[in-house]
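>>> Sharing a sequence plus its predicted fold:
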Amino acid sequence: MAHANELSAFNAEWDKRMDTFDAAAEAETSNLESKHQAETEELAAMDVKLGAHPKSSASILNLKKIQDNLAHMQSYKEAADIQFQLKGLETLEDERWATEKQQRLTFLQTAMEKRQGLEMRALKKKLETKRHTIEKERAKELDKLACRYQNVKRSLELKYAVEVSKVQKRPTTGSTICLRNAKTGQLRHFATCRPMTARGKGAKAL
């Protein structure tokens, strides 16, 4: 009974330790997932922040200046030609900007996903190592508990065997001795009597 109670208390304590570890591991994993989600949203916001059009280049600014001067001089045909050139150049630069922006965002996203994957795998590996350490420590302590129980059991069995041997050799009459079996926990009753002959002696178990 004492061993059963000790084993029950042992399991309860280690189950509590494992539950505490699991809760902490879940919280740590959740925090990292939230961090990764925030980084993903930040990268998505960068696409909007960069805009659909680049800053005006020196060539575009120069053409706009020429167009304004021609308009002031009422040279509308020349101004219209410049306007046509300006539209073509803006379209070209917008396309170049869109390609460069997409390449940049793709590079950043690939690098981010790779880093996030490494961070998550490293965290899982760390938690797995911690769990293995706890389980290994639990098994070690359980072995100690089992070994201690076996030692106590053997000690009681030996003590019981010695007591039985003493009873069987005792030459008393008309007495009954009770001994508890260390292995089964049952009581055994030994009736002793004076030997009938000089050669016979001992105790008879009831």
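Sure thing, it's come through.
>>> what's the domain layout of the chain?
Residue ranges for the domains of the chain, per automatic domain parsing: 2-169, 170-206.
>>> per-stretch mean pLDDT over these, give me the minimum one.
Note on these: domain 170-206 shows the lowest mean pLDDT, a mean of 50.
>>> okay, the domains of the chain in TSV with mean neighbour count next?
For every residue, glycine as well, the C-beta is placed using N, CA and C. Converted to TSV, the domains of the chain look like this (neighbours: other C-beta atoms under 10 Å):
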stretch	mean neighbour count
domain 2-169	13
domain 170-206	12
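>>> Which parts of this structure are strands?
175-180, 187-192, 203-205 (DSSP state E).
>>> Mind giving me the packing neighbours of the lengthiest helix in the chain?
Secondary structure assigned by DSSP state H gives helix 76-169 as the longest helix of the chain. The contact analysis (3 or more C-beta pairs under 8 Å, 6 or more residues apart in numbering; DSSP states H and E) places helix 76-169 against helix 2-50, helix 58-72, strand 175-180, strand 187-192.
>>> Quick one: closest of those to residue 134.
If you check each of the helices and strands packed on helix 76-169 against residue 134 by C-beta to C-beta, helix 2-50 wins as the nearest, at 6.0 Å.
>>> got the angle for the closest one vs helix 76-169?
180 degrees (axes from the mean of the first three to the mean of the last three C-alpha atoms, to 10 degrees).
>>> and the most centrally placed residue in the chain, what is it in contact with?
In the chain, the C-alpha closest to the average C-alpha coordinate belongs to residue 127, at a distance of 3.5 Å (C-alpha atoms, centre = their mean). Residue 127 makes contacts with 25, 28, 29, as judged by C-beta atoms under 8 Å, 6 or more residues apart in numbering.
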